[in-house]
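# just coords:
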């Protein structure tokens, strides 16, 4: 059985850009069949922004739907629902995790609500989440681990 890992926007950007971080994430997770990749619909929106701005590494995707097809081929897309929206707002309201942005809180809420045990990112600001493992978040417990991938 494969392990679920939620891939943060920053990792996909590095992967598409062919950076050292992207290559490391590819070897460990993205192209490793032991892991089932999960991508938040919020990440899809953020990646579509990069595509529309012509960011390096996104040239092979002509339209956002091409990008979406690729992400679905690699794993599954996690939709947002009312529970995730409410939890994301509660997390942001408590500012428990330092300098995460609003999109980060929605991605984190998606992972918590869907009992995903690992998030991979390149963003150091996500490390604070690991300091709260086991904490009660609404009716859920924070049982996920964040791995910050560095070059």
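Happy to help now that I have it. Here the structure is a predicted model, which means the values were calculated and not measured.

# quick one, strands of the chain?
Ranges of strands in the chain, per DSSP state E, are 3-7, 35-40, 75-78, 118-121, 136-137, 140-141, 145-148.

# Adding distance to residue 92, write those out as TSV.
All C-beta spots, glycine's among them, are computed from the backbone N, C-alpha and C. Below are the strands of the chain laid out as TSV (distance: least, Cβ to Cβ, whole Å):
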stretch	distance to residue 92
strand 3-7	18
strand 35-40	15
strand 75-78	18
strand 118-121	17
strand 136-137	12
strand 140-141	16
strand 145-148	17
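
# mind giving me JSON lines with the ones you listed and columns for distance to residue 22, mean neighbour count and mean pLDDT?
What follows is the strands of the chain, written out as JSON lines (distance: least, Cβ to Cβ, whole Å; neighbours: other Cβ atoms under 10 Å; pLDDT from 0 to 100):
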{"stretch": "strand 3-7", "distance to residue 22": "11", "mean neighbour count": "21", "mean pLDDT": "96"}
{"stretch": "strand 35-40", "distance to residue 22": "14", "mean neighbour count": "21", "mean pLDDT": "96"}
{"stretch": "strand 75-78", "distance to residue 22": "16", "mean neighbour count": "17", "mean pLDDT": "96"}
{"stretch": "strand 118-121", "distance to residue 22": "11", "mean neighbour count": "22", "mean pLDDT": "96"}
{"stretch": "strand 136-137", "distance to residue 22": "30", "mean neighbour count": "14", "mean pLDDT": "77"}
{"stretch": "strand 140-141", "distance to residue 22": "31", "mean neighbour count": "14", "mean pLDDT": "76"}
{"stretch": "strand 145-148", "distance to residue 22": "14", "mean neighbour count": "18", "mean pLDDT": "94"}
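
# For residue 61, which of those is the nearest?
strand 35-40 (14.2 Å; Cβ to Cβ).

# Next, the angle from the closest one to strand 3-7.
Relative orientation of strand 35-40 versus strand 3-7 (axes from the mean of the first three to the mean of the last three Cα atoms, to 10 degrees): 40 degrees.
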